[in-house]
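> Let me see the structure of the following:
(one chain, ligands or ions: 1)
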Amino acid sequence: MSELPAQVRIREVGPRDGFQNEPEVIPTADKVALIEALAHAGLRRIELTSFVRADVIPQLADAAEVLDAVRLPEEVSASVLVPNERGLERALEHRAKFQEINGFLSASETHNAKNVGRSIEESLSGLGRTFARARTEGLRCEGVISTAFGCPYEGRVPPERVLGIAQRLADAGAVEIGFGDTTGMANPLQVRDFFAAARAGLPDVELTAHFHNTRGQGLANVLAALEVGVESFESSFGELGGCPVPVGATGNIATEDLVSMLHEMGIATGIDLVTLIDASCQVERLLGRRLGSHVLTAGPVQWSHRDQAEPATT
Ligand code: ZN
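Residues are numbered from 1 along each chain as shown. So this is what the prediction gives:
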């Protein structure tokens, strides 16, 4: 086994990927308080919101208000997701409040058509223009490829196709590419082979893994990615977020679970797990229900030594 990285970067995507999939609309002030709490926990990359059409995703209709209100320490790199040039122009009215944009498309034609109503080629040329404009504003560009490990409509997506799209995004100015397992179809061997090829093919690009825990394989996939040198991950507090297809699917891997596993393995994240758990508890109170993260339920490993004298279980 190759040596694991000593530290990794984690981008918290819950305020966008999480809240956009909640049935209720979260009040703006609560979103802002949560984002600030996540920064306080040590998260240094946070995706704040998305400039999509309010009639499509009403949960994020307050993107401008969130950006205006949020106060983050200088060391936090804030990003917004933009679907196209129009979304970018709206975001740029609040340019001072973020440092990165994420532009996305799917690796499968069917998923891309259903998601954004465009062909992959149309999405790529749109993102080319979006990234070019963003770069003139000094913004860092991340390209995110959804369904990179499988598509609920088309099944397996050939890795060559995904890497070809990644190369086009890099050529368009993306310095980081996120590979999304949007509906949790990836397995660890597939992940290992994929990222080994991606590292060889895209040596100058930051490779980011965005796993969903739809089938309970999220953290196994993280380990597989770590083993081939991936040092950048995206996750969501409380395991929020996900994809409405298939119906009832659970969300992103939970940031608490990811941080707990990495720390137990001696890999630094800069995140204080207990403070992060406090932030997620805030959200549980806000939503009035339990969230999916395991560590949120069980507590950090150290806590299992206390208050647990009984019963003896195996
Ligand atoms: Zn996700």
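
> If you count contacts, what does the biggest helix by length in the chain end up packed against?
Longest helix in the chain by number of residues, with DSSP state H as the criterion: helix 120-136. In terms of contacts (3 or more C-beta pairs under 8 Å, 6 or more residues apart in numbering; DSSP states H and E), helix 120-136 is packed against helix 85-92, strand 100-106, helix 109-116, strand 140-146, helix 159-171. For the C-beta atoms, the positions are set from N, CA and C on the backbone; glycine is no exception.

> can you list the residues of the chain near the ion?
Counting by C-beta under 5 Å from the ion, the chain comes close to the ion at 17, 252.

> For the spatially most central residue of the chain, what is the enclosing helix or strand?
In the chain, the residue lying closest to the centroid (C-alpha atoms, centre = their mean) is Glu234, at 3.6 Å. Using DSSP states H and E, Glu234 falls within strand 232-235.

> so what strands line up beside that strand?
Using DSSP bridges, the strands paired with strand 232-235 are strand 9-12 (parallel), strand 206-210 (parallel).

> mind putting those in TSV, mean neighbour count included?
Output for these, formatted as TSV (neighbours: other C-beta atoms under 10 Å):
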stretch	mean neighbour count
strand 9-12	23
strand 206-210	23
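
> Any chance of these in JSON lines with distance to Phe51 as columns?
Putting those into JSON lines (distance: least, C-beta to C-beta, whole Å) gives the following:
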{"stretch": "strand 9-12", "distance to Phe51": "18"}
{"stretch": "strand 206-210", "distance to Phe51": "19"}
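
> Compare the ones you listed and report which one is nearest to Ser146.
strand 206-210 (8.6 Å; C-beta to C-beta).

> For the closest one, which outside residues touch it?
By C-beta atoms under 8 Å, 6 or more residues apart in numbering, the residues outside strand 206-210 that reach it are 11, 13, 142, 144, 175-181, 191, 195, 198-199, 221-222, 225, 230, 232-234, 252.

> For the residues you listed, which ChimeraX command selects only the ones that are buried?
Applied in ChimeraX, the following selects the buried portion of the contacts of strand 206-210 according to 16 or more other C-beta atoms under 10 Å:
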select :11,13,142,144,175,176,177,178,179,180,181,191,195,198,221,222,225,230,232,233,234,252
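
> Out of the contacts of strand 206-210, name the ones that lie in strands.
Among the contacts of strand 206-210, DSSP state E puts 11, 142, 144, 176-180, 232-234 in strands.

> follow-up on the earlier one: CSV for the strands paired with strand 232-235, including distance to Leu240 and mean pLDDT?
Converted to CSV, these look like this (distance: least, C-beta to C-beta, whole Å; pLDDT from 0 to 100):
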stretch, distance to Leu240, mean pLDDT
strand 9-12, 10, 98
strand 206-210, 14, 98
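
> and of these, who's closest to Arg90?
The closest of the strands paired with strand 232-235 to Arg90 is strand 9-12. By C-beta to C-beta, the value is 21.6 Å.

> now the closest one, how far from the centre of its chain.
Averaging C-alpha positions (C-alpha atoms, centre = their mean, to the nearest Å) puts strand 9-12 8 Å from its chain's average.

> Restricting to C-alpha, output it in PDB.
Taking Å, rounded to 0.1, in the frame of the first residue of the first chain, the C-alpha atoms of strand 9-12 are listed here in PDB:
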ATOM      1  CA  ARG A   9      -8.300  19.500   2.300                       C
ATOM      2  CA  ILE A  10     -12.100  19.200   2.800                       C
ATOM      3  CA  ARG A  11     -14.700  21.400   1.200                       C
ATOM      4  CA  GLU A  12     -17.900  21.600   3.100                       C
END
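
> Using PDB, write out every CA atom in the helix or strand harbouring Leu296.
Here Leu296, judged by DSSP H and E, is contained in helix 294-298. C-alpha atoms of helix 294-298 as PDB (Å, rounded to 0.1, in the frame of the first residue of the first chain):
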ATOM      1  CA  HIS A 294     -22.800   8.200  12.200                       C
ATOM      2  CA  VAL A 295     -20.400  10.200  14.300                       C
ATOM      3  CA  LEU A 296     -23.200  12.700  15.100                       C
ATOM      4  CA  THR A 297     -25.100   9.800  16.700                       C
ATOM      5  CA  ALA A 298     -22.200   7.900  18.300                       C
END
